[in-house]
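>>> structure, please.
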Amino acid sequence: MCVRLDGDIPVCPKTTTDSKLSSLDSTRTVPARRRPGTSSHRSISQPRTRWISRGVSDHGYKYTRFGNPTRDVLESRLAKLAGAEHATACASGTAAIATTCLAVLEPGDHVVAFDGIYGGTRLLFEDLVVDSIGATVEYVDATDTEAVADAIADDTALVWMESPTNPLLRLCDLAAIGELAAAVDASFVVDNTFSTPYLQRPLEFGADVVVHSTTKYINGHSDSMGGVVLTNDDVIESEIDHVRAYDLGGTLSPFDCYLTLRGLRTLPLRMDRHEANAYHIAEFLSDHPAVRRVRYPGHEAHPQHALAEAQMDGFGGIVSFELDASGAETRAVLEELEVFTLAVSLGGTESLVDHPATMSASYLSQAEREAAGISESLVRIPVGIERSDDLVANLL
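Below you'll find the predicted structure:
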């Protein structure tokens with residue numbers, strides 16, 4: 001059970017412990033003391049695309065696509081938070097995914113992916129990985145580790161997972177799948193956008209690469225688009241850096257780096273509040289007569305709650321549920337909400353509500369949505385940091 005603080009927010013036991021970022025003190029989200037003359041002394045480098053150099057420069061910068069001091073600070077801080085040796089900031093989460101695929105795949109390679117991955121990633125796999133690179137992708141129910149083991153073969157070059165998934169919040173056993181990928185020398189990549197490094201660090205469970213859409217929780221203010229690729233593998237990092245700078249050119253601008261650095265300063269505070277509010281809403285919805293099913297990893301009724309406790313330091317701020325209603329009725333209910341904004345995306349301070357069938361998953365056919373488990377009455381709530389009682393009252 002959760003306890004209440006200040007008579008408002010029920011807080012899960014994990015939220016009130018010191019377990020989060022136990023090996024990477026959350027203080028690292030706040031800038032260390034700055035010394036004049038260092039790259040971290042200024043909040044943002046001046047908006048320029050090139051530096052004037054006569055002979056060999058003494059600062060190492062020549063063109064912003066290749067390197068920028070503000071980007072270097074952001075990458076250093078994200079690497080420390082994730083327990084990574086390298087971080088490569090990209091122009092978007094999709095750019096981070098595309099950069100990773102181009103860096104590790106060759107024609108004829110075999111890819112094993114969670115069948116519940118983000119729909120945008122699935123589209124990218126079809127257009128880039130299959131049609132352009134010439135690899136094959138096999139989707140499996142990764143909640144069943146044996147299904148992943150059966151799919152992995154000698155020619156498997158990439159194992160791509162999300163945990164939790166979007167929007168059904170399904171989990172996979174990161175450590176077990178990491179061992180399976182390592183056995184055939186396949187790159188194991190985890191999209192960790194929903195959890196952030198504050199709540200889950202897949203590199204600790206055997207992942208070779210971790211990607212994030214920093215647009216979401218890491219930035220946290222819905223005013224910057226970005227992505228990051230994290231790894232401890234020097235060879236993979238070299239390929240990723242080359243693809244980003246020379247093949248795609250999808251680097252993160254200095255100003256977006258600045259905005260993301262600003263967001264990092266409050267990441268622990270925001271994630272704790274997101275999680276506490278999400279738990280409160282999940283508890284409320286689980287007893288609501290109009291709700292068929294609630295999905296939240298932090299709720300005891302979630303079928304993978306024990307796994308979430310084992311590999312996560314907290315359960316995040318996303319709640320999904322299904323109404324006992326038709327698609328049209330579900331949409332009508334959501335359009336009447338006042339505190340929740342009917343919109344896609346997630347991770348900002350404001351609470352949103354999404355009807356996947358007509359919004360975030362509308363580009364899929366009805367058959368594809370049904371195969372993915374996305375019903376017409378499914379609702380996804382990216383819970384913000386407002387007063388939790390106000391959020392619940394709007395759902396009554």
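
>>> show me where pLDDT drops low in this structure?
Residue ranges of the chain with pLDDT under 70: 1-59.

>>> rerun at 80
By pLDDT under 80, the weakly predicted segments of the chain are 1-60, 364.

>>> what ranges do the strands span in it?
3-5, 9-11, 86-90, 110-114, 136-140, 156-162, 187-191, 209-213, 227-231, 291-295, 318-323, 341-342, 352-353, 378-382 (DSSP state E).

>>> what comes up buried for the fifth one?
By neighbour count, and taking 16 or more other C-beta atoms under 10 Å as the criterion, the buried residues in strand 136-140 are V137, Y139, V140. Just so you know, the C-beta spots here come from the backbone N, C-alpha and C atoms, and that holds for glycine as well.

>>> and that strand, which strands flank it?
strand 110-114 (parallel) (DSSP bridges).

>>> show me how far the strand it pairs with is from its chain's centre.
Strand 110-114 sits 18 Å away from the centroid of its parent chain (C-alpha atoms, centre = their mean, to the nearest Å).

>>> so which of the strands of the chain gets nearest D272?
D272 lies closest, by C-beta to C-beta, to one member of the strands of the chain: strand 9-11, at 7.7 Å.

>>> how far off centre is the longest helix along the chain?
Longest helix of the chain, by residue count under DSSP state H: helix 267-286. Chain-centre distance of helix 267-286: 17 Å, with C-alpha atoms, centre = their mean.

>>> any idea of the angle it forms with strand 291-295?
Interaxial angle of helix 267-286 relative to strand 291-295 (axes from the mean of the first three to the mean of the last three C-alpha atoms, to 10 degrees): 150 degrees.

>>> kindly export helix 267-286 (C-alpha atoms) in CSV.
Extracted as CSV, the C-alpha positions of helix 267-286 are listed here (Å, rounded to 0.1, in the frame of the first residue of the first chain):
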residue,chain,number,x,y,z
LEU,A,267,14.3,15.1,-13.1
PRO,A,268,14.2,13.3,-9.7
LEU,A,269,11.6,15.6,-8.3
ARG,A,270,9.4,15.4,-11.4
MET,A,271,9.6,11.6,-11.7
ASP,A,272,8.7,11.1,-8.0
ARG,A,273,5.6,13.2,-8.5
HIS,A,274,4.7,11.6,-11.8
GLU,A,275,4.9,8.2,-10.1
ALA,A,276,3.0,9.1,-7.0
ASN,A,277,0.2,10.7,-9.1
ALA,A,278,0.1,7.7,-11.4
TYR,A,279,-0.3,5.3,-8.5
HIS,A,280,-3.1,7.3,-7.1
ILE,A,281,-5.0,7.3,-10.5
ALA,A,282,-4.4,3.6,-11.0
GLU,A,283,-5.8,2.9,-7.5
PHE,A,284,-8.8,5.0,-8.3
LEU,A,285,-9.5,3.4,-11.7
SER,A,286,-9.1,-0.1,-10.5
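
>>> elements contacting it?
Applying 3 or more C-beta pairs under 8 Å, 6 or more residues apart in numbering; DSSP states H and E, one finds that helix 267-286 contacts strand 9-11, helix 196-199, strand 291-295, strand 318-323, helix 388-395.

>>> for the third one, list every residue counted as buried.
Applying a neighbour-count criterion of 16+ other C-beta under 10 Å, the buried positions in strand 291-295 are V291, V294, R295.

>>> same question for stretch 277-291.
Of all the residues in stretch 277-291, those buried under the rule 16+ other C-beta under 10 Å are N277, A278, Y279, H280, I281, A282, E283, F284, L285, V291.

>>> now do the contacts for the last one.
Think V291. Applying C-beta atoms under 8 Å, 6 or more residues apart in numbering to V291 gives the contacts L285, F321, E322, L323, D324.

>>> what is the nearest of those to S365?
Nearest member of those to S365, counting by C-beta to C-beta, is E322, at 19.7 Å.

>>> check contacts around the nearest residue to the closest one once chain neighbours are set aside.
Using C-beta to C-beta, 6 or more residues apart in numbering and skipping residues adjacent in sequence, the residue nearest E322 is R292, 4.4 Å away. Neighbouring residues of R292 by C-beta under 8 Å, 6+ apart: F321, E322, L323, D324, S377.

>>> relative to A332, how far out is R292?
17 Å (C-beta to C-beta, to the nearest Å).

>>> L199 now?
34 Å.

>>> which one of these two has more residues nearby?
Higher neighbour count among L199 and A332: L199, with 26 against 12, using other C-beta atoms under 10 Å.

>>> okay, and the beta partners of C90?
In beta-bridge terms (that is, DSSP bridges), C90 pairs with G227, T251.

>>> that one against G249, yeah?
No. Using C-beta atoms under 8 Å, C90 makes no contact with G249, being 10.1 Å away.

>>> hang on, the earlier thing: reformat the strands of the chain as a markdown table; add distance to E237.
Formatted as a markdown table, these follow (distance: least, C-beta to C-beta, whole Å):
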| stretch | distance to E237 |
| --- | --- |
| strand 3-5 | 42 |
| strand 9-11 | 38 |
| strand 86-90 | 4 |
| strand 110-114 | 20 |
| strand 136-140 | 24 |
| strand 156-162 | 16 |
| strand 187-191 | 12 |
| strand 209-213 | 9 |
| strand 227-231 | 5 |
| strand 291-295 | 35 |
| strand 318-323 | 30 |
| strand 341-342 | 38 |
| strand 352-353 | 34 |
| strand 378-382 | 31 |
